[in-house]
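Novice: no FASTA, just this:
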């Protein structure tokens, strides 16, 4: 999720000011939000489906504006949409917003956490109980060397093995569906660092057991993906921005109150041949999977990323990488 080139990121400084698409008036008919696929993005799907942004604005006596979701495959497409001004907001991982906020000199920041689903390292190797048990021939699949999964693995290796790069040679880059299929079919891939729903699919297989969770590395309820926006858009649309946070809160409350209804809404937005409503509801009821606008684990990432050279300077506190609307929340 950190696939941001220096050229594109630095270009955001000027682009956030110059691109008219990033500074639309509050009377705009929609707010364009770019997301990827998966249940982690459910709060935004609910906001779009149930028109929660417009309702929050109406309570303020402001003109109704609704969310219009744009789906892409791959974190680079999210970053490019924000940088090019083809989207007003986008969902990304904590490492991405830390890098983007630094390189754009604050032209982009986080607005709210979207979901705090744990990343899970699963394996089919009985001999592997901890990451210290991986051998040179074992292959650990994850989406990219710049992904939160790889950062988390490096953080765990630094803590447990004394070397953040100790398992770098074991890592192979594969999309989650391919990685899961490779591990379960008995190829050279013997472990997979993943997240919902693949973590749940794999856990259903009796050959699979968990080696590590991101909660052990980053802390309980660490943010998996968060909603980000340009400073220019936020400044031009303060009421919309505040209402967006309120809509996120409302969506998360509704998911918790009625996970069966939320599961049906998810499958309406993203029909699936492999996911039943009952299975999605099971994921939503799992106490490990949390929806919260308050971010978690941001400073744990920042500490590590500065120490390993991915950030020149770390923010003094997590609030420095987020807009004011959630800065009174209990984050980390």
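Specialist: Right, received. Where do you want to start? As the structure is a computational prediction, the values presented were derived from the model and not from experiment.
Novice: the residue nearest in space to the middle of the chain pairs with what?
Specialist: Nearest to the mean C-alpha position of the chain, by CA atoms, centre = their mean, lies residue 225 at 1.6 Å. In this entry, residue 225 is beta-bridged to residue 115, by DSSP bridges.
Novice: please name the residues that touch it.
Specialist: 1, 40, 41, 91, 92, 93, 113, 114, 115 (CB atoms under 8 Å, 6 or more residues apart in numbering). For glycine as for every other residue, the C-beta is placed from the backbone atoms N, C-alpha and C.
Novice: try 6 Å
Specialist: With contact set as CB atoms under 6 Å, 6 or more residues apart in numbering, residue 225 has these partners: 40, 91, 93, 114, 115.
Novice: return the closest of the residues you listed with respect to residue 128.
Specialist: Taking CB to CB as the measure, residue 128 lies nearest residue 93 of these, at 25.7 Å.
Novice: the closest residue to residue 178 other than its chain neighbours in helix, strand or coil?
Specialist: Of all residues beyond its chain neighbours, the one nearest residue 178 is residue 141 (7.8 Å), with distances taken as CB to CB, 6 or more residues apart in numbering. Classification of residue 141 by DSSP: H, G, I helix; E, B strand; the rest coil places it in strand.
Novice: what do you get for residue 193?
Specialist: strand.
Novice: please enumerate the helices of the stretch 151-300 of the chain.
Specialist: Remark: helices assigned in the stretch 151-300 of the chain by DSSP state H, counting those that start in this stretch are 176-184, 198-203, 214-218, 231-236, 238-257, 259-269, 277-285, 298-307.
Novice: check the stretch 1-150 of the chain too.
Specialist: 6-18, 42-50, 52-59, 75-84, 94-103, 148-161.
Novice: before we move on, the earlier item: so the residue nearest to residue 178 versus residue 174, what's the distance?
Specialist: The gap separating residue 141 from residue 174 is 4 Å, by CB to CB, to the nearest Å.
Novice: on that earlier part again, would you format the helices of the stretch 1-150 of the chain as a markdown table with mean pLDDT and mean neighbour count included?
Specialist: Converted to a markdown table, the helices of the stretch 1-150 of the chain look like this (pLDDT from 0 to 100; neighbours: other CB atoms under 10 Å):
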| stretch | mean pLDDT | mean neighbour count |
| --- | --- | --- |
| helix 6-18 | 42 | 16 |
| helix 42-50 | 98 | 23 |
| helix 52-59 | 97 | 19 |
| helix 75-84 | 85 | 22 |
| helix 94-103 | 92 | 25 |
| helix 148-161 | 95 | 22 |
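Novice: for residue 302, find the nearest of those helices.
Specialist: Nearest to residue 302 among those is helix 94-103 (5.7 Å), distances taken as CB to CB.
Novice: chain center to that closest one: distance?
Specialist: Distance of helix 94-103 from the chain centroid (CA atoms, centre = their mean, to the nearest Å) equals 13 Å.
Novice: in stretch 33-40, what counts as buried?
Specialist: Neighbour-count burial for stretch 33-40 flags 33, 34, 35, 36, 38, 39, 40 (criterion: 16 or more other CB atoms under 10 Å).
Novice: coming back round to it: which one of the contacts of residue 225 is nearest to residue 204?
Specialist: residue 40 (19.1 Å).
Novice: contacts only, for that closest one.
Specialist: 115, 117, 224, 225.
Novice: and with 7 Å instead?
Specialist: 114, 115, 117, 196, 224, 225 (CB atoms under 7 Å, 6 or more residues apart in numbering).
Novice: which residues of this protein score low on pLDDT?
Specialist: Filtered on pLDDT under 70, the chain yields the residue ranges 1-28.
Novice: can you give the domain ranges for it?
Specialist: 6-116+222-326, 120-218 (automatic domain parsing).
Novice: next, the distance between the ends of the shortest one.
Specialist: So the one you mean is domain 120-218. End-to-end distance for domain 120-218, by CA to CA, to the nearest Å: 12 Å.
Novice: intersection of neighbour lists for residue 141 and residue 174?
Specialist: Contact criterion CB under 7 Å, 6+ apart; residues bridging residue 141 and residue 174 by contacting each: residue 182.
Novice: for the two, indicate the residue with more neighbours.
Specialist: Using other CB atoms under 10 Å, the more surrounded residue of residue 141 and residue 174 is residue 141, with 27 against 19.
Novice: tell me the bridge partners for that one.
Specialist: residue 172, residue 192.
Novice: can you offset everything so residue one is 18?
Specialist: Done: numbering now begins at 18, and the last item shifts to residue 158.
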